[in-house]
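Asker: Quick one: sequence plus predicted model below, questions after.
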Amino acid sequence: MSTTSNPALPILDLSQLDGSATDRVAFLSQLRHAAREIGFFYLINHGVSPDLQQAVQDEARRFFALPDAEKQKVAMIHSPHFRGYNRAASELTRGKPDWREQFDLGAERPALPVGQNEPGWHRLQGPNLWPESLPELKPTLLQFQREMTAVALKLLRTFAEALALPEDSFDPLYGSKPNEHIKLIRYPGQQSTVGDQGVGAHKDSGFLSFLLQDQQKGLQVEVTPDNWVDAVPLPGSFVVNIGELLELATNGYLRATVHRVVSPPPNEERLSIAFFLGAQLDAVVPVYALPPELAREAHGPESDPRNPLLRDVGWNYLKGRLRSHPDVAERYYPDVLRNSAELIA
Ligand SMILES: O=C(O)CCC(=O)C(=O)O
Ligand SMILES: [Fe+2]
């Protein structure tokens, strides 16, 4: 296994999209290449202001600096919708604990009524948990969520164009209710007792993911089997990667690339703000008809037999959440665990 520190990931400039016709064509071609060959790139000039990025990072640092008792008031175990705080080592990736603490939030929508005949994933929709002692966290994060959703949808339409599909092809998959998931993440330094898994190797499950890193490296991308590249921090940029929904929708033409985070050195820490754009929960992902020259290179999505991909968005998303947070699963989804055991098998 090898790792390299060369800035090996492409850098894409979103402002080219609104520039001259030549710039636009160049952006589309770079996007197709980056997405197809690597599945990861840096996005610059994306329009989210440095002030807002800084405000989100400042609020996140303030949140993690709260006393544990304050953070426990908004612990995820209080939320059937998988929102809230988790201590380091409480989330599992492929069954092993991740050495990071995190605060999850999603689209701020009312919970749906829970009935016996409703599918289990209905319980995913609902309000967020907000810490009372940090009143600025909520408006700052909701503003960030709105701006990130706009950037993500713009990029998703551009993906359709880059694949020679009508620009609005993916619109029915998110409709008026895209699944907007933000995760504030703090990775403590390595400790001899816990190894160096900040977060274990995985693919993201949505359409597109955006990462706002601080100055501490640690994110690694598996560009070819067993060849890990450091996604070194590039100030002001987002690291963007493709999720399984786009891999499914393009029959594997686009790649959801495996990545992981290695814990920072002892006594250092890393802060990352992740924004995941997913589809609406009641959507079913079709396979889009690509033009023949692209379709020839689409060899089907890569499926992990231990974690098969489901085309039903709500069930696929619920499966990921149940596997990551067994305590929340047992408390609010015992019926789903009983009746749909294959989800977590
Ligand atoms: O910390 C990061 O930058 C990446 C986190 C990540 O890959 C995830 O939460 O899915
Ligand atoms: Fe990820």
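Answerer: Arrived safely. Ligands and ions are numbered 1, 2, ... in the order given.
Asker: Now find how far off-centre stretch 48-64 is within its chain.
Answerer: Distance of stretch 48-64 from its chain centroid, counting by C-alpha atoms, centre = their mean, to the nearest Å, is 18 Å.
Asker: need the strands for the stretch 1-150 of the chain, in chain order.
Answerer: For the stretch 1-150 of the chain, applying DSSP state E, counting those that start in this stretch gives strands covering 2-4, 11-13, 40-44, 84-86, 92-93, 96-97, 101-105.
Asker: between those strands, which gets nearest to ligand 1?
Answerer: Ligand 1 sits nearest to strand 101-105 of all those, at 7.8 Å, using C-beta to the nearest ligand atom. In short, each C-beta sits where N, CA and C put it, glycine included.
Asker: Let me know the average pLDDT across the closest one.
Answerer: Averaging pLDDT along strand 101-105 gives 97.
Asker: Stretch 160-179 too?
Answerer: pLDDT averaged over stretch 160-179 gives 93.
Asker: how far away is G252 from G47?
Answerer: From G252 across to G47, the span is 31 Å (C-beta to C-beta, to the nearest Å).
Asker: what about those two, which has more around it?
Answerer: G252 (17 against 11; other C-beta atoms under 10 Å).
Asker: Give the full set of residues in contact with that one.
Answerer: Neighbouring residues of G252 by C-beta atoms under 8 Å, 6 or more residues apart in numbering: 298-302.
Asker: other SSEs contacting the top helix by length along the chain?
Answerer: The single longest helix within the chain, with elements called by DSSP state H, is helix 137-162. The elements that helix 137-162 packs onto, with contact taken as 3 or more C-beta pairs under 8 Å, 6 or more residues apart in numbering; DSSP states H and E, are helix 21-37, helix 50-64, helix 171-174, strand 179-187, strand 208-213, strand 270-278.
Asker: wait, does the fifth one contact ligand 1?
Answerer: Translated: strand 208-213. Yes: with C-beta under 6 Å from any ligand atom as the criterion, ligand 1 is reached by strand 208-213 at 211, 213.
Asker: picking up where we left off before, buried ones in the longest helix of the chain?
Answerer: 137, 140-142, 144-145, 147-149, 151-153, 155-162 (16 or more other C-beta atoms under 10 Å).
Asker: so what pLDDT did the residue nearest to A111 when sequence neighbours are not counted get?
Answerer: Distances taken as C-beta to C-beta, 6 or more residues apart in numbering put G126 closest to A111, at 3.7 Å, once the chain neighbours are dropped. With respect to pLDDT, G126 has a value of 97.
Asker: Number of residues surrounding G126?
Answerer: Close neighbours of G126, defined as other C-beta under 10 Å, add up to 19.
Asker: I'd assumed A107 was in contact with it.
Answerer: No: contact criterion C-beta atoms under 8 Å: G126 and A107 do not qualify, at 9.4 Å.
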